[in-house]
Every structure is written in C-alpha cells, then in structure tokens.
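[1] This is a predicted model, with the sequence first.
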Amino acid sequence: MVGGKQHSRGTDPGTVDQRPRPNKWTLTDERDLCAVKLLADTATGLPEVVLASVYMAETDVPPPQKMERLIKYCEQSGQHIVVATDSNAHHPLWGMELANDRGKNLIEYLFTTNLQILNKGTVPTFVNKRCRTIIDLTLASEGAVNLVQDLHVSEEASFSDHRWIRFNLETTIKEQQPKRNPRKTDRKIYIDKLHQSLGEPVAPGRLLDTAQIETQVTELTSNILSSYNSACPLSESAPRQGQHWWGPELERLRRRYVNIKSRAVGARQAELYTTRTNAGSRTRELNVGGDLSLAHAAVRMRSECIMARGWLRAQISSL
C-alpha cells in the first residue's frame, strides 16, 4: 500500500494503491514489480525518491532480475530508493532464527549494493494458521535511510496473511536564518552611530595598566559592532529559483554545441597551415596531420560549432 497522508506512506509488498496529487507521481508497473517515483517537493525539502514494491516468487532464486536492474539504475543515477518486498526468505539479519537458501542468496546480493535492511525486532510480518514468519522486508539506499521514520508492523486488519508495514517519509527543513549583507551597509549611519558611541577620545595618560587597556578595547569593539548592526540590519535572503526557462530544446542544443566543440578542438592538430614564400608568388601548404581530409573536417566542424553557439545564444536571449 502506498497512499494516505502527504509524505506519510505505508507499504505492503502485495499491492500498490496510488493516490497522487497532480503532477507528483510517475508509475512503472510490471509483473511482480511496481515502482513509483515521488518527485522532489521544494516546500518540504523532500528529495526525489523511488518507492518500489517487489514480489520474489518462491520458485525463483532471489533477487529478481527486474529488481536488480532497478537497483543498479538507482545507484548509477544517484537516485534514492525504498523497496518493500515479499522475499519469501529467512535470515537472522531480519529477525528469523535460522536462514534458508533464499535468505543466504538474498543477503549475498544485498552486500553488493548500497541497500540497507530497515526491519527491526522480531514482530512477524506474515501470519496464518501454520506459521508466523518475517518474510516482508523494507530496504532503503544509504541516502533514503534517514528519510524513513516510524517503521513498524501495524496491528490493524489487512485482510491478508501479510500484515501492514507502515512508515513515514520525513525530512528536516532547515529554516533560513536572517543574515547581514556587508555590501548593503549604510556608511553614513555607521559613521554617525560610531561617533555618537565613542564620544571623547581617551587620553593616553589615563591608560595606566593592561586591565584598563582591555576595558577600552572591549568597549571599542562593542561600539563598532553596535554601529555596524544598526547600519546593516538583518534581512532574509530570497529562496533560489530554478531555471524554469531552460527546456528540453535548449538542452539538446547545448549538448550538440558541446559535442561539435569537442570534436573541433580534438581535430585542431590536423588543421592545414599555409605559409607563403618570400616572393609571395607561390603558396606552400603544410598538412601537419598528413591527411588533408582531416584538415577540411576540422574547418567544417569549427564552422558548425560557431553556428550552434550563435543559435544557442539567440534561443536564450529570446526567452
């Protein structure tokens, strides 16, 4: 089960109930694997997270290939992922007394990934008349471990042999503290305040010992800071806005420009150098690379590079 309150999701490996807000979810559904991507929420600070529900059939050696491909993709792309799975496997690492072959195979695989087992305690997740076992696992990548809070096996009726496993996805929002911007300091206010606070200068003869010197230094420092605080008040910085004007077309043009530029730079060694004799009547062409076609290709790619750069700048300036 994936649903309920915003950023509070329970999981059951058998089913997925999608209750999205508009434009907040993408869904991939295959046999025995269902993956839901929760997009990043700038308001709460929750990063993008993939929630996957996986069934591991008893007739197959765990883990399923589709799950391996999903985990590999998330690791290579740096994507956070939380996996809820009916593993049909036993192992002491998730609360069983003994390990079966499926559990050993699954553990060997998990040790090759960045997934961590979040199951705690010995509360059974599968209960029927014959047995009470822990076969439903919750796995999370390193970056998603701290997002999963209040993981527990629920006592509420699930109308299934599998019991509900509930957890919340939470993140700590760092409130922006007001700051001072020295560039916005009002110099006139600073100087006036400092003159008012300093008063008459202290005569050198009055400073008779180090204690008096320390006192004067402390007062001077306090006056400088007080004047600066008055001339440069605290202000809250505006949140950074994303580059909403940047779209797929500009990204395609940027990649094309970078590709053409790198090809042109790499072919410069094969450029054609032309020198003239002292009389100026003859032109001698020296092909450094030994292949005239490479020189022509370099010139052509440089022209394409210039055109692509101009087109890209024109697209950006028109936004």
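    Sure, I can see it.

[2] Distance check, the closest residue to Trp94 other than its chain neighbours against Ser87.
    Closest residue to Trp94 apart from its sequence neighbours, by C-beta to C-beta, 6 or more residues apart in numbering: Asn119 at 4.2 Å. Just so you know, the C-beta spots here come from the backbone N, C-alpha and C atoms, and that holds for glycine as well. The gap separating Asn119 from Ser87 is 10 Å, by C-beta to C-beta, to the nearest Å.

[3] overlap in contacts of these two?
    Both Asn119 and Ser87 are in contact with Leu137, where contact means C-beta atoms under 8 Å, 6 or more residues apart in numbering.

[4] Just want to know which of the two has more residues nearby.
    Ser87 (24 against 18; other C-beta atoms under 10 Å).

[5] what about the residue nearest to Trp94, distance to Asp136?
    From Asn119 across to Asp136, the span is 8 Å (C-beta to C-beta).

[6] Identify the contacts common to the two.
    With C-beta under 8 Å, 6+ apart, Asn119 and Asp136 have no common neighbours.

[7] what residues are up against the residue nearest to Trp94?
    94-95, 134, 137-138, 151.

[8] Write the PyMOL selection for whichever of these are buried.
    Command for PyMOL, covering only those of these found buried under the criterion 16 or more other C-beta atoms under 10 Å:
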select buried, resi 94+95+134+137+138+151
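
[9] Could you tell me which of the contacts of Asn119 belong to helices?
    Among the contacts of Asn119, no member falls in helices (DSSP state H).

[10] Tell me the one among the contacts of Asn119 nearest to Lys66.
    Leu137 (16.5 Å; C-beta to C-beta).

[11] So in terms of bridging, what pairs with the closest one?
    Note on Leu137: beta-bridge partners by DSSP bridges are Thr85.

[12] where does it land on pLDDT?
    Note on Leu137: pLDDT of 94.

[13] ok, it touching Thr85?
    Yes. Here Leu137 lies in contact with Thr85, judged by C-beta atoms under 8 Å, at a distance of 5.2 Å.

[14] what sits against the closest residue to Thr185 other than its chain neighbours?
    Among residues not flanking Thr185 along the chain, Cys232 sits closest, at 4.1 Å (C-beta to C-beta, 6+ apart). Neighbour list for Cys232: 180-182, 184-186, 190 [criterion: C-beta under 8 Å, 6+ apart].

[15] tell me the two of those residues that are most distant?
    Among these, Asn181 and Tyr190 lie farthest apart (C-beta to C-beta), at 13.7 Å.

[16] which of those two has more neighbours?
    Tyr190 (17 against 11).

[17] low-scoring stretches of the stretch 1-150 of the chain, by residue?
    The model of the stretch 1-150 of the chain has pLDDT under 70 over residues 1-29.

[18] the strands in it, which residues?
    Ranges of strands within the stretch 1-150 of the chain are 10-11, 25-30, 33-38, 49-55, 80-86, 115-117, 126-127, 132-133, 136-141, 148-153, based on DSSP state E, counting those that start in this stretch.

[19] Go through the ones you listed and name the closest to Arg166.
    For those, proximity to Arg166 was assessed by C-beta to C-beta; strand 10-11 is nearest, at 4.1 Å.

[20] hang on, the earlier thing: for Leu253, see how far away the residue nearest to Trp94 is.
    49 Å.

[21] can you list the domains in this structure?
    10-169, 248-317 (automatic domain parsing).

[22] just those domains: most buried one?
    Highest mean neighbour count among these (mean count of other C-beta atoms under 10 Å): domain 10-169, with a mean of 16.

[23] Next up, the contacts around Pro182.
    Cys232.

[24] again, 6 Å this time
    Residues near Pro182 by C-beta atoms under 6 Å, 6 or more residues apart in numbering: none.

[25] tell me how far stretch 64-83 is from the chain's mean position?
    Relative to the mean C-alpha coordinate of its chain, stretch 64-83 is positioned 15 Å out (C-alpha atoms, centre = their mean, to the nearest Å).

[26] And the contacts of it?
    Under C-beta under 6 Å, 6+ apart, the answer for stretch 64-83 is 33, 47, 49-52, 54, 113-114, 139-141, 143-144.

[27] Ile306: which of those residues is nearest?
    Pro47 (39.6 Å).

[28] surely that closest one meets Ala40?
    Yes. Between Pro47 and Ala40 there is a contact under C-beta atoms under 6 Å: 5.3 Å.

[29] tell me, what's touching the two both at once?
    By C-beta under 6 Å, 6+ apart, no residue touches both Pro47 and Ala40.

[30] which residue ranges form the helices in this structure?
    65-77, 101-110, 142-145, 187-198, 210-231, 248-266, 292-317.

[31] Relative to Asp161, which of those helices is closest?
    Once the helices of the chain are compared by C-beta to C-beta, helix 101-110 is nearest, at 17.6 Å.
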